[in-house]
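Colleague: next input, structure requested:
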Amino acid sequence: MITERVRRFLLPALSILLLACWLGGGVTVDDTGLDEALQLMALPVLLLAAWLLLADGVSRWVLAGIGVAVLILLVPVLQLLPVPAGLWHWPAARQALAADLAVAGVQVSPHWSLTPAATERGLWALLPALASFLAACALEPRQRRTLLQMVLALVVFNVLFAFFQAGLPQDSTLRLYQDFSNGFGGLLVNTNHQATACIIGMVLALGLAAEARFREVRGEVRPRHHWRYLGAALFLLAMVPLATSRAGMVIVLPAFAVALLLTGLLRPRRILRSRRSAVIALAVLVLAMAGIRAGIGWLGVDQLDELRHVMAATALAIGWAEAPLGSGVGSFVPAFEQAAPLSLRLPNYINHAHNEFAQWWMTSGWLGMLALAAVLGLLLAVGARVLRSEGRQAALAAASWVALAAVLAHSWVDYPLRTLTLMATCGALAGVMLAAVADAHLRGRVQGRASSFADTDAGAAAEA
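Modeller: Below you'll find the model as predicted:
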């Protein structure tokens, strides 16, 4: 009885959490006042999800995802533990720092992190994403579709809100961010992250369209219902250029093509047998080539992008100097300013490396790279499973997979996962992906056994 009540409340609780993250987590500053409220909101969702997962059990895919999540949490936890003085002084960069602190009469922190308070905030900042991930893992199959529909609705709402904000005068009191213009960002302060959100919504719309086609075949919805989702996907595809993100333009077209193939909307077997499929395939090929062409053109960077690459290279160098455990989660700004070359001494401080992989290496060291390798390994394993799966859950898993891959691709030149909105959303998508691929795998095994039994019965009947 209690478990059924928990199951009934989980999706509304997760929906409220994600809505709150979209309304209040669109900034990229790590310690805003709303962060604590969102972290507290994540706690009941986390408890509800843990209750259901313990009561129902988990698949090996979900178990692997939980293991990766624990590994990610271990990074800031270990950096907050006291370490011997000899270990703290191990990196060469810290010996010079310790000498400067001694001159100033400041004692060395017993923690590995150079900024323990910021590392602790970084640890608590993972709560909304962790709660979203576990809750999505515990949802029932129909609820996963509802969750993806909600994420799509949030993305579309943010695009409409961005139109509203862009139409306001610069000094309007209705503007969400008064200090500066966020362009077409809407609830997201960074327009590059708006492009990421549109790509996520576009891919999810394609996955929901593929899932709707399966329901149409079963007569659960009226014919051509999936065209609504296809329209939403094309709408969000057209919105990416308005975010003025060149990286978004490079990613969106290949993501569109890959999503069409992985979700089953475009099947290679039908291309040669159907004129319409052949035309669609040709259009997808043109889109993919346009994306590659845009990527080649994007390599001709201007001065700003050259600076972006310098920042990433500097973060990598600092990471080697702070190995093996990194400078500490949340320590990027002071650690980067201390070691940055003169060419990066700018009027405004540099808040991120604009390359998540370089920043993870700098602040989390070898353990962070181990967690990253586990994430990439799990994504590759899920991708291989999706290629061999069919059905409604496989379509949802494929859409979530492509969305997460697009976010990681954008992370190479930006920092979308530093935004709590996108971090919590990606946590939910990861949960849907793992739970859905587990169901698709189980369904495939059941169908395979049923087929083998049918073949055996037919053979026995023929012999008789």
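Colleague: dump the residue contacts of Ser15.
Modeller: Under the criterion of Cβ atoms under 8 Å, 6 or more residues apart in numbering, the contact partners of Ser15 comprise Leu147, Met150. Yep, even glycine has a C-beta here, placed from its N, CA and C like the rest.
Colleague: does it sit in a helix or strand, and which one?
Modeller: With secondary structure defined by DSSP states H and E, Ser15 is part of helix 2-24.
Colleague: for that helix, buried residues please.
Modeller: Within helix 2-24, the residues that qualify as buried are 6-7, 10-11, 13-15, 17-18, 20-22, 24, counting by 16 or more other Cβ atoms under 10 Å.
Colleague: alpha carbons of the helix or strand just after it, as CSV, please.
Modeller: Tracing the chain past helix 2-24, the next element assigned as helix or strand by DSSP H and E is helix 33-56. What follows is helix 33-56, C-alpha atoms only, in CSV (Å, rounded to 0.1, in the frame of the first residue of the first chain):
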residue,chain,number,x,y,z
GLY,A,33,20.5,31.8,-3.2
LEU,A,34,18.1,29.6,-5.0
ASP,A,35,20.5,26.7,-5.1
GLU,A,36,19.9,25.8,-1.5
ALA,A,37,16.1,25.8,-2.0
LEU,A,38,16.4,23.5,-5.0
GLN,A,39,18.7,21.2,-3.1
LEU,A,40,16.2,20.9,-0.3
MET,A,41,13.4,20.2,-2.8
ALA,A,42,15.5,17.4,-4.2
LEU,A,43,15.7,15.5,-0.9
PRO,A,44,12.1,14.2,-0.8
VAL,A,45,12.3,13.2,-4.5
LEU,A,46,15.5,11.4,-3.7
LEU,A,47,13.9,9.5,-0.8
LEU,A,48,10.8,8.5,-2.8
ALA,A,49,13.0,7.2,-5.6
ALA,A,50,15.3,5.3,-3.2
TRP,A,51,12.2,3.7,-1.6
LEU,A,52,10.8,2.4,-4.9
LEU,A,53,14.2,1.2,-6.2
LEU,A,54,14.8,-0.8,-3.0
ALA,A,55,11.3,-2.2,-3.1
ASP,A,56,11.1,-3.1,-6.8
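Colleague: could you give me the average pLDDT of helix 33-56?
Modeller: The average pLDDT for helix 33-56 rounds to 92.
Colleague: now for the helix or strand that comes right after it, which elements pack on it?
Modeller: Toward the C-terminus, helix 33-56 is succeeded by helix 60-80 as the next helix or strand (DSSP H and E). Taking 3 or more Cβ pairs under 8 Å, 6 or more residues apart in numbering; DSSP states H and E as the contact definition, the neighbouring helices and strands of helix 60-80 are helix 116-125, helix 127-138, helix 356-387, helix 420-463.
Colleague: which of these sits closest to Val407?
Modeller: If you check each of the helices and strands packed on helix 60-80 against Val407 by Cβ to Cβ, helix 420-463 wins as the nearest, at 5.7 Å.
Colleague: picking that back up, format the CA atom coordinates belonging to the helix holding Ser15 as PDB.
Modeller: Listed in PDB are the C-alpha atoms of helix 2-24, where the atom choice follows Å, rounded to 0.1, in the frame of the first residue of the first chain:
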ATOM      1  CA  ILE A   2       2.700   2.500   1.000                       C
ATOM      2  CA  THR A   3       4.800   1.500  -2.100                       C
ATOM      3  CA  GLU A   4       1.900   2.200  -4.400                       C
ATOM      4  CA  ARG A   5       1.300   5.600  -2.800                       C
ATOM      5  CA  VAL A   6       5.000   6.400  -3.300                       C
ATOM      6  CA  ARG A   7       4.800   5.300  -6.900                       C
ATOM      7  CA  ARG A   8       1.800   7.600  -7.500                       C
ATOM      8  CA  PHE A   9       3.600  10.600  -6.000                       C
ATOM      9  CA  LEU A  10       7.000  10.100  -7.600                       C
ATOM     10  CA  LEU A  11       6.300  11.600 -11.000                       C
ATOM     11  CA  PRO A  12       4.500  14.700  -9.700                       C
ATOM     12  CA  ALA A  13       7.300  15.300  -7.300                       C
ATOM     13  CA  LEU A  14       9.900  14.900 -10.000                       C
ATOM     14  CA  SER A  15       7.900  17.200 -12.300                       C
ATOM     15  CA  ILE A  16       7.800  19.900  -9.600                       C
ATOM     16  CA  LEU A  17      11.600  19.600  -9.100                       C
ATOM     17  CA  LEU A  18      12.400  19.900 -12.700                       C
ATOM     18  CA  LEU A  19      10.000  22.800 -13.100                       C
ATOM     19  CA  ALA A  20      11.700  24.600 -10.200                       C
ATOM     20  CA  CYS A  21      15.100  23.800 -11.700                       C
ATOM     21  CA  TRP A  22      14.100  25.400 -15.000                       C
ATOM     22  CA  LEU A  23      12.600  28.500 -13.200                       C
ATOM     23  CA  GLY A  24      15.400  29.100 -10.800                       C
END
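Colleague: thank you kindly, that will do.
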